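Asker: predicted model and sequence follow; I will ask about them next.
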Amino acid sequence: MSLLEMKDITKVFPGVVANDHVSFDLQKGEVHALVGENGAGKTTLMKILYGLYGPDEGSISINDSVVQIANPRDAIRKGIGMVHQHFMLVPVFTVTENIVLGEENRYADYSTSSRAASPLRAIMKWLVLDTHGARDRIQELMDKNQLVVDPDAPVEELSVGLQQRVEILKILFRGAEILVFDEPTAVLTPQEVRDLFETFRELKAQGKGIIFISHKLDEVLDIADRITVVRRGKVIKTMPRKGATKAGIAELMVGKPVLLDVDNPPASPGDVVLQVEHVSLRDERGTSVLHDVSFEIHAGEIYGVAGVEGNGQSELVRAIADRVPLDDGNIRLAGQDVKALDVRQRREAGIAHIPEDRHRFGLLMPFSLADNMSLGRHHRPPFVNRFQMVQTREVHRFAREAIAEFDVRTPSEDVPALALSGGNQQKAIIAREMSGKPSLLLASQPTRGVDIGAQEFIYKQIIAAKKEGIAILLVSADLDEIMSLSDRVGVIYKGRIIKTFDIKDTSKEQVGFYMMGEEENAEADN
């Protein structure tokens with residue numbers, strides 16, 4: 001008997017068939033991985049399961065009984081829980097408060113200990129949260145599922161891995177038997193991934209079913225019992241883990257062979273291009289976010305910054321790319337102090353920037369691709385003449401050449417940026433930044449939200465830039481990406497670079513310990 005069966009699910013949006021007669025099932029005590037490129041239909045299928053969308057065709061059965069799922073609350077009542085990639089937690093609430101949020105009535109005392117002293121009190125029944133009852137149930141779930149976390153700790157003080165435990169406890173608290181995990185390992189350290197998979201195995205032993213959505217194929221092969229590949233809204237194949245390979249899964253996802261191993265030759269470092277010297281910085285609220293940060297990057301070298309998100313990476317990139325008031329320290333580009341330079345002046349000095357959020361900082365979404373490709377140099381010839389009038393022909397010529405060179409998939413350069421897929425938007429930004437022949441490339445989360453085909457292309461471009469002698473600062477939440485591309489790795493923790501490694505002298509696990517601030521365990525692992 002299947003725990004879950006989704007049969008012939010079809011969902012059509014204007015101009016797009018998101019799910020085309022998709023069938024997917026889940027057995028008790030199983031991890032079933034759902035993989036595919038961005039836009040393949042994975043998220044839509046799970047939103048239908050969770051009641052966020054209704055299917056245009058098809059049926060959903062739980063324990064062999066056809067059900068209708070009207071909304072997420074309805075899904076929760078039917079035993080479906082979802083852990084989203086971006087956690088749905090209230091930072092200032094405690095662990096217990098977050099877990100019971102929305103379920104307070106289950107642990108409420110509506111009785112009054114004495115008769116009301118006023119007519120108003122006689123009408124009202126005071127609602128008092130019985131935290132003892134809730135805590136007992138939460139502690140039981142923690143013990144049963146090896147999900148240890150302080151129930152009284154504010155969530156904002158927890159690591160990413162512990163916050164994820166709270167999310168899992170939330171759905172177990174609501175009685176979930178079908179658990180959906182959307183990219184759950186995206187920002188976890190290797191040690192936290194191991195802990196999560198131990199929890200998966202415990203949940204499997206209890207007979208629960210897990211749907212695991214991930215682009216990390218090594219992890220899929222490690223934990224999944226079955227794997228379903230979707231492409232362009234259709235199921236391409238469902239297969240057992242035994243006999244499946246990364247290359248085979250990737251080819252099914254993309255529709256052609258994909259080069260998964262990064263061919264990254266050793267660096268031949270040249271002169272120092274970037275020097276960050278004892279930089280300290282406070283954010284807009286006056287909170288210290290960078291503390292005495294120092295490192296340098298040579299021409300023809302990739303320096304990776306590894307760390308759990310929120311430890312100062314974004315502020316570090318901004319300090320180099322933009323004029324922000326430093327508390328202390330210096331930033332030098334080829335020996336030149338750039339602290340007083342604005343964004344335009346820094347770009348003209350040789351800094352290119354792939355921002356972490358392409359929609360907010362990388363593109364003008366309603367503008368054409370041609371206009372976006374010339375941003376940053378739109379004020380200089382050949383894009384303007386000596387009277388500062390735009391040379392439209394030159395703007396379009398440059399865009400067409402860059403689109404061809406960087407394989408941006410678009411009908412034409414006149415298409416607005418918002419009409420492109422995430423991968424092609426990212427390619428457009430890389431084309432623009434690399435075409436300026438920079439001396440320093442700031443690559444912040446360069447493959448975030450792109451599919452495996454675009455990721456392969458972006459990796460090749462970053463390595464090609466290194467071979468051309470460009471100095472590259474790589475910031476990524478994906479530790480595999482950092483380890484594959486970097487020549488040296490600096491680990492950032494609570495705004496400090498606490499350790500720098502030569503990539504050939506360290507392991508992913510050792511870097512992971514430092515990312516969590518566990519230097520002693522890191523040295524023991526070495």
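Answerer: Sure, I can see it.

Asker: quick one: residues contacting the closest residue in space to residue 220 that isn't next to it in sequence.
Answerer: Leaving aside its chain neighbours, residue 220 sits nearest to residue 33 (4.6 Å; criterion: CB to CB, 6 or more residues apart in numbering). C-betas here are computed from N, CA, C, even on glycine. By CB atoms under 8 Å, 6 or more residues apart in numbering, residue 33 lies in contact with 211-214, 220, 223-224, 226-228.

Asker: same check, this time on residue 276
Answerer: Applying CB under 8 Å, 6+ apart, the residues near residue 276 are 293-296, 316, 320, 329-331.

Asker: report the separation between it and residue 487.
Answerer: 17 Å (CB to CB, to the nearest Å).

Asker: of the contacts of residue 276, keep whichever come out buried.
Answerer: 293, 295, 316, 320, 329, 331 (16 or more other CB atoms under 10 Å).

Asker: between these, which is nearest residue 365?
Answerer: Nearest to residue 365 among the buried ones among the contacts of residue 276 is residue 320, at 25.0 Å by CB to CB.

Asker: and the closest one, what does it touch?
Answerer: 274, 276, 331, 351, 442, 473.

Asker: in strands, which of those fall?
Answerer: Using DSSP state E, the subset of the contacts of residue 320 located in strands is 274, 276, 331, 351, 442, 473.

Asker: just send those residues back as a markdown table, with distance to residue 58 and pLDDT too.
Answerer: Converted to a markdown table, the ones in strands among the contacts of residue 320 look like this (distance: CB to CB, whole Å; pLDDT from 0 to 100):
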| residue | distance to residue 58 | pLDDT |
| --- | --- | --- |
| 274 | 54 | 98 |
| 276 | 55 | 97 |
| 331 | 56 | 97 |
| 351 | 51 | 97 |
| 442 | 46 | 97 |
| 473 | 47 | 98 |
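
Asker: can you pick out the most distant pair from the residues you listed?
Answerer: Maximum distance among the ones in strands among the contacts of residue 320 (CB to CB): 12.8 Å, for 276 and 351.

Asker: how about the strands in the stretch 351-500 of the chain?
Answerer: Per DSSP state E, counting those that start in this stretch, the stretch 351-500 of the chain carries strands over the ranges 351-354, 440-444, 471-475, 488-493, 496-502.

Asker: what's the closest of those strands to residue 426?
Answerer: Evaluated over those, closeness to residue 426 peaks at strand 351-354, with 7.8 Å, by CB to CB.

Asker: same for that closest one, what does it pack against?
Answerer: helix 313-321, helix 422-435, strand 440-444 (3 or more CB pairs under 8 Å, 6 or more residues apart in numbering; DSSP states H and E).

Asker: so where's this protein shaky on pLDDT?
Answerer: Applying pLDDT under 70 to the chain picks out residues 104-132, 520-526.

Asker: give me that answer again for 50
Answerer: For the chain, applying pLDDT under 50 flags the ranges 109-118, 120-127.

Asker: who touches the most centrally placed residue in the chain in this structure?
Answerer: Centroid check for the chain by CA atoms, centre = their mean gives residue 186 as the closest residue, at 5.2 Å. By CB under 8 Å, 6+ apart, the contact list for residue 186 reads 85, 477-478.

Asker: list just the nearest of the residues you listed to residue 92.
Answerer: Of all the contacts of residue 186, residue 85 has the smallest distance to residue 92: 21.7 Å, by CB to CB.

Asker: now the closest one, what are its backbone angles?
Answerer: Residue 85 adopts backbone torsions of phi -60, psi -40, taken as degrees, to the nearest 10.

Asker: looking at the contacts of residue 33, which one is closest to residue 497?
Answerer: residue 214 (29.5 Å).

Asker: residue 231 reaches residue 37, doesn't it?
Answerer: Yes - using CB atoms under 8 Å, residue 231 is in contact with residue 37, at 6.8 Å.

Asker: of those two, who's got more company?
Answerer: residue 37 (24 against 18; other CB atoms under 10 Å).

Asker: just checking, the more buried one touches residue 449?
Answerer: No - checked against CB under 8 Å, the pair residue 37 and residue 449 is beyond contact range at 11.3 Å.

Asker: thinking again about what came up before, which ones among the contacts of residue 33 map onto helices?
Answerer: With DSSP state H as the criterion, helices contain 220, 223 from among those.

Asker: what about the contacts of residue 33, which are in strands?
Answerer: 211-213, 226-228.

Asker: of those, closest to residue 508?
Answerer: residue 212 (20.4 Å).

Asker: beta-bridge partners for the nearest residue to that closest one once chain neighbours are set aside, please?
Answerer: In space, and not counting its chain neighbours, residue 212 is closest to residue 33: 4.7 Å by CB to CB, 6+ apart. Here residue 33 sits in beta bridges with residue 212, residue 227, going by DSSP bridges.
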